[in-house]
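1. Mind looking at a prediction? Sequence and model below.
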There are 2 protein chains.
Amino acid sequence: MRRTIVLMATYHPDPEQLLVEDVLAALGNPVRLGIVRELDASPGARTCGSLPLEITKATATHHWRVLRESGITREHKAGRSKAVSLRREDLDARFPGLLDAVLRATPPPREP
Amino acid sequence: MRRTIVLMATYHPDPEQLLVEDVLAALGNPVRLGIVRELDASPGARTCGSLPLEITKATATHHWRVLRESGITREHKAGRSKAVSLRREDLDARFPGLLDAVLRATPPPREP
DNA sequence: ACGATCGTACGACGCATTTCGTACCGACAG
DNA sequence: CTGTCGGTACGAAATGCGTCGTACGATCGT
């Protein structure tokens, strides 16, 4: 019997399982890249609600899932809220220099 | 008569215009990542036909376009063929360390 | 117990991406 | 000139992705 409800338990991939194409695809989206930059700019974990997002809660949940399932972020409950943080060590161990290079990448110089 | 043909002149973005999210999205695809690895493994430019692709010509054209328009590769005609090469210097200048980190990223360790 | 807050599940919509078949064009070999 | 080879243009199909509304669940303050 199939329960229609699948109860997506929050899945975090193991460090060794991370696929570079998944990480790149996850980062290759302006909204998610913005989230990652925001997470990088703040020490420790952030609650989801503290991220300045221009999107609805449902959409945000989707992006958090993509980031989490690609191994970029980790989530854990914090009371009635949820905390998100970068998996820096895991990413650096698996893909040395990748996250740093992405975070160092600046937007294109504007022209007047 | 056919004037529906739009004659997509091969577009190469300027180095300063490159967007990191476009580059990441382009690399976040197994086929294209494979092409980039292949290009990196060979010195200088390769003709398109020399890349070992499991896909049809039409599909290959699509991926070459994505790589070119994101600024990852450069193309130029070489007789009846076409040569593709990595825009290493431009990428390194715009996004230092990014391409190297991606190319260093190994597939996950296999388990027996 | 009640309501407010924070996030998820599900279903839906529109748009983009990936893939291909087919027709075509340009360059070269004969 | 004709054929072949390398690649593109176009159109179509399938799939995936980003977005949202709505309904729900869990947690905390009162």
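-> Perfect, thanks for sending it. Nothing here was measured: the structure is a model prediction, and the numbers come from that model. Residues are numbered from 1 along each chain as shown, chains lettered A, B, ... in the order given.
2. Provide the secondary structure category for the residue nearest to the spatial centre of chain A.
-> The centre of chain A sits closest to A:Leu67, judged by Cα atoms, centre = their mean, with a distance of 3.3 Å. Put simply, A:Leu67 is helix when judged by DSSP: H, G, I helix; E, B strand; the rest coil.
3. how close does it get to A:Tyr11?
-> To A:Tyr11, A:Leu67 is 12 Å away according to Cβ to Cβ, to the nearest Å. Glycine gets a C-beta too; all of them are placed from N, C-alpha and C.
4. Just the element for the closest residue in space to A:Gly44 that isn't next to it in sequence, please.
-> Closest residue in space to A:Gly44, ignoring its immediate chain neighbours: A:Ser85 at 6.5 Å, by Cβ to Cβ, 6 or more residues apart in numbering or on different chains. Using DSSP states H and E, A:Ser85 falls within strand A:81-86.
5. show me where pLDDT drops low in chain A?
-> A:1-9, A:110-112 (pLDDT under 70).
6. in chain A, which spans are strands?
-> A:46-47, A:73-78, A:81-86 (DSSP state E).
7. what's the nearest residue to A:Leu24 once chain neighbours are set aside in contact with, if anything?
-> Leaving aside its chain neighbours, A:Leu24 sits nearest to B:Gly28 (3.6 Å; criterion: Cβ to Cβ, 6+ apart). Counting by Cβ atoms under 8 Å, 6 or more residues apart in numbering or on different chains, B:Gly28 touches A:21-28.
8. again, only using 6 Å
-> Neighbouring residues of B:Gly28 by Cβ atoms under 6 Å, 6 or more residues apart in numbering or on different chains: A:21, A:24-25, A:28.
9. ok, now A:Pro96?
-> For A:Pro96, the contact set (Cβ under 6 Å, 6+ apart) is empty.
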